[in-house]
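# just need the structure, nothing else, for what follows:
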Amino acid sequence: MLLPYLESDRLEAGCDEVGRGCLCGPVVAAAVILPADYADELINDSKKLSKSNRESLALEIKKYAIAWAIAEASVEEIDQINILNASFLAMNRAIESLSTNPEHLLIDGNRFKTNNSIPYSCIIKGDGKYASIAAASILAKVYRDDLMCEYASKYPGYSWEKNAGYPTLAHREGIRKLGLTPIHRKSFKHLPEQIKFDF
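Numbering: from 1, shown residues only. Predicted coordinates for the structure are as follows:
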């Protein structure tokens, strides 16, 4: 069972993002404030859960959370400010969209940038340690996976319904055969042969 909070008697929001390593589509973040007594032994890092478990947990989280929000940073923003800053942007947007203001933020990862005055703690692999961060990772992944399935219908041939835009063999074969779509991140290296090594 994941930890319910970093500090008791404090309204904490867990925050996580998904899609940083993808070649296309937005980066998506979620923020979740869970009740202190909320517990579900299934809640974990979204990458460790089956699709069906993620989807059922997403519904449960939305039902029982004190507040939750999902936000994006677009492909254009990723190309303009880089993927790390776009991830921070999406996370800040999710936090600012919460219907209840948290007193502290639990951020998955080792760094964060914000203009918000809410204090925060960065927690490496936090989505496998704290329930609120795991809940945020689940909401963000379910939302983004659904979005990439919609894009797969619009731009077939890249297997996004299976790989969600990550650089799999099928995705790269699609790029070789069909080229790039409007939702591919132009600032990313899409094929291994594009990567140059300086020795």
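# quick one: the strands in the protein?
Taking DSSP state E as the criterion, the chain contains strands spanning 12-18, 27-33, 67-73, 104-108, 120-123.
# for the fourth one, list the C-alpha coordinates in CSV.
Provided in CSV are the C-alpha atoms of strand 104-108 (Å, rounded to 0.1, in the frame of the first residue of the first chain):
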residue,chain,number,x,y,z
HIS,A,104,1.7,21.5,-0.3
LEU,A,105,2.6,19.8,-3.6
LEU,A,106,4.1,16.4,-4.0
ILE,A,107,5.9,16.5,-7.3
ASP,A,108,7.1,13.3,-9.0
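# ok, and for that strand, which residues are buried?
Within strand 104-108, the residues that count as buried by 16 or more other Cβ atoms under 10 Å are L105, L106, I107, D108. Every residue, glycine included, has its C-beta placed from N, CA and C.
# so what's the residue count around K162?
Neighbouring residues of K162 were enumerated by other Cβ atoms under 10 Å; the total is 14.
# quick one: contacts for the closest residue to it other than its chain neighbours?
Beyond its immediate neighbours in the sequence, the residue positioned closest to K162 (Cβ to Cβ, 6 or more residues apart in numbering) is A170, lying 7.1 Å away. Contacts for A170 were tallied using Cβ atoms under 8 Å, 6 or more residues apart in numbering; they are Y158, S159, K162, N163.
# out of the residues you listed, which are buried?
Buried residues within those, defined by neighbour count using 16+ other Cβ under 10 Å: Y158, S159, N163.
# now, which of those residues lie within helices?
Under the assignment DSSP state H, the buried ones among the contacts of A170 contribute N163 to helices.
# and the two most separated of the contacts of A170?
Put simply, by Cβ to Cβ the two of the contacts of A170 set farthest apart are Y158 and K162, 9.5 Å from each other.
# isn't D45 right up against A134?
Yes - counting by Cβ atoms under 8 Å, a contact exists between D45 and A134, whose distance comes to 5.9 Å.
# tell me, what's touching the two both at once?
Going by Cβ under 8 Å, 6+ apart, residues that sit against D45 and also against A134 are D127, G128.
# more neighbours: which of the two?
Legend: neighbour count by other Cβ under 10 Å for D45 and A134, higher for A134 (30 against 19).
# ok, that one to H184 distance?
A134 is 30 Å from H184, where distance means Cβ to Cβ, to the nearest Å.
# now swap in P192 and tell me
Using Cβ to Cβ, P192 is found at 16 Å from H184.
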